[in-house]
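[1] mind folding the following:
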Amino acid sequence: MNGYDVTDIVFVVSVVGEEHYLGHSTDLSDIAALSRRAWSLFPSRVVGDRSIDLELPIPGRSGSRRIGKMNDADVSKQIQQMVRFIRQEAEEKANEISISAEEEFNIEKLQLVEAEKKKIRQEYERKEKQVEIRKKIEYSMQLNASRIKVLQAQDDLVNSMKEDAAKELLNVSHHHHILNVTHHDHEYKHLLKELIVQSLLRLKEPAVLLRCRKDDAHLVESALESAKEDYAAKANVHPPDIIIDHKVYLPPAPSHHHAHGPSCSGGVVLASIDGKIVCENTLDARLDVAFRKKLPEIRKSLYGQVVA
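    Residues are numbered from 1 along each chain as shown. Reported below is the predicted structural model:
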């Protein structure tokens, strides 16, 4: 009877001093069947005296102990005790399995929860970074737009100042068309002579072509000889030949009728005879040059800083 486990209940029937092994099991239904089989195989009318020896497992030990010869009542009582023992063992085992399963479930659940929390935190951090980047981009765009508006407003103010200055230039050359000979007319004639001398000093040509506005032609002709003498004295050369171009004049002064067309506020343009060298010395050209040179000072005066 070495083929059974230490937890099995072994049925052995003793008949007239001889032992008969019937089986072993831990299942309740198998135990009851083995008990019935023991009594049915050896009835008292055939055998006479009969008894059943049981080998019970010893709890917590490897091995078993044999219970002595028992009658029907003792066997039934012993079986009930074995049933309670087996049930208690089964309940304890089931409880252990339940506790172990619960612990494994809680561990796995905690791992899953922590993994999902980590995913959620990572997703939140990713979205938070995206929001921060969008905020920075929007802030940068708004800041650039504000700077552009400020620069545009500054440029508009500077351009309006230039336009006002261009309008003031008309007062330099406009009144001599209305009055005949005035103090203002004399001043503009002197200005034309100085512009011619300055252009001659730039060109340093023995012969030049001069262009002016049609309305200024008579003033230029009257100032021409004086301009030649001044240039000759300053450059220590012979007076140059100055040819006034009566075919092509400079545009007239700006007016409401020609607001979008070419215009000239006054002054002269001198060029070499071959036309390769040109000196534009009109009032508009001088305003542009002066405005470009003075622009940093103008901006600093208006806004307190030099804007590149």
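
[2] what is the burial count for L169?
    For L169, the count of nearby residues is 20 (other Cβ atoms under 10 Å). All C-beta spots, glycine's among them, are computed from the backbone N, C-alpha and C.

[3] equivalent analysis for K127, please.
    Neighbours around K127, by other Cβ under 10 Å: 10.

[4] ok so it is a helix residue?
    Yes: per DSSP: H, G, I helix; E, B strand; the rest coil, K127 lies within a helix segment.

[5] least trustworthy helix or strand in this structure by mean pLDDT?
    Least confident element among the helices and strands of the chain, by mean pLDDT, DSSP states H and E: helix 44-47 (a mean of 40).

[6] give me the residue at the spatial middle of the chain.
    Centrality entry for the chain: nearest residue to the mean C-alpha point is I133, 3.6 Å, by Cα atoms, centre = their mean.

[7] which parts of stretch 125-138 are buried?
    For stretch 125-138, a neighbour-count test (16 or more other Cβ atoms under 10 Å) marks nothing as buried.

[8] now stretch 252-265: buried residues?
    252-254, 263-265.

[9] which residue packs closest to A285, ignoring adjacent ones?
    Excluding the flanking residues, the one nearest A285 by Cβ to Cβ, 6 or more residues apart in numbering is G267, at 7.2 Å.

[10] neighbours of the one you found, how many?
    25.

[11] mind listing what it touches?
    G267 makes contacts with 192, 195, 212, 250, 281-286, as judged by Cβ atoms under 8 Å, 6 or more residues apart in numbering.

[12] what's the answer for Q152, then?
    Going by Cβ under 8 Å, 6+ apart, the list of residues near Q152 is empty.

[13] how about the secondary structure of it?
    Criterion first, three-state DSSP; result for Q152: helix.

[14] now it: how far from L192?
    Distance, Q152 to L192, by Cβ to Cβ, to the nearest Å: 38 Å.

[15] and N281, which helix or strand is it part of?
    strand 278-282 (DSSP states H and E).

[16] show me what counts as buried in that strand.
    279-282.

[17] give me the three-state assignment for V268.
    Following three-state DSSP, V268 is assigned to strand.

[18] what sits against it?
    192, 195-196, 199, 210-212, 216, 220, 250, 281-282.

[19] switch to 10 Å and redo it
    V268 makes contact with 192-193, 195-196, 198-199, 210-213, 216, 220, 223, 227, 244, 250, 279-283, according to Cβ atoms under 10 Å, 6 or more residues apart in numbering.

[20] select only the buried ones of the residues you listed in ChimeraX?
    Under the burial definition 16+ other Cβ under 10 Å, those of the contacts of V268 that qualify are selected in ChimeraX by:
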select :192,193,195,196,198,199,210,211,212,213,216,220,223,227,250,279,280,281,282,283
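
[21] where does this protein dip in pLDDT?
    Applying pLDDT under 70 to the chain flags the ranges 1-72, 174-185, 256-259, 305-308.

[22] domains for it, by residue range?
    9-104, 175-303 (automatic domain parsing).

[23] and the helices in the protein?
    With helices called from DSSP state H, the chain shows them at 28-41, 44-47, 72-173, 183-203, 217-235, 283-303.

[24] turn these into JSON lines, columns for distance to D274.
    Below are the helices of the chain laid out as JSON lines (distance: least, Cβ to Cβ, whole Å):
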{"stretch": "helix 28-41", "distance to D274": "132"}
{"stretch": "helix 44-47", "distance to D274": "156"}
{"stretch": "helix 72-173", "distance to D274": "29"}
{"stretch": "helix 183-203", "distance to D274": "12"}
{"stretch": "helix 217-235", "distance to D274": "20"}
{"stretch": "helix 283-303", "distance to D274": "21"}
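
[25] how about the contacts of G267 in a markdown table, adding distance to A115?
    Output for the contacts of G267, formatted as a markdown table (distance: Cβ to Cβ, whole Å):
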| residue | distance to A115 |
| --- | --- |
| L192 | 91 |
| L195 | 87 |
| C212 | 90 |
| L250 | 85 |
| N281 | 84 |
| T282 | 81 |
| L283 | 82 |
| D284 | 77 |
| A285 | 78 |
| R286 | 79 |
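
[26] tell me the contacts of the nearest residue to G261 once chain neighbours are set aside?
    Leaving out its chain neighbours, the residue that sits closest to G261 by Cβ to Cβ, 6+ apart is P251, at 7.2 Å. Counting by Cβ under 10 Å, 6+ apart, P251 makes contact with 213-214, 258, 261-265, 282, 284.
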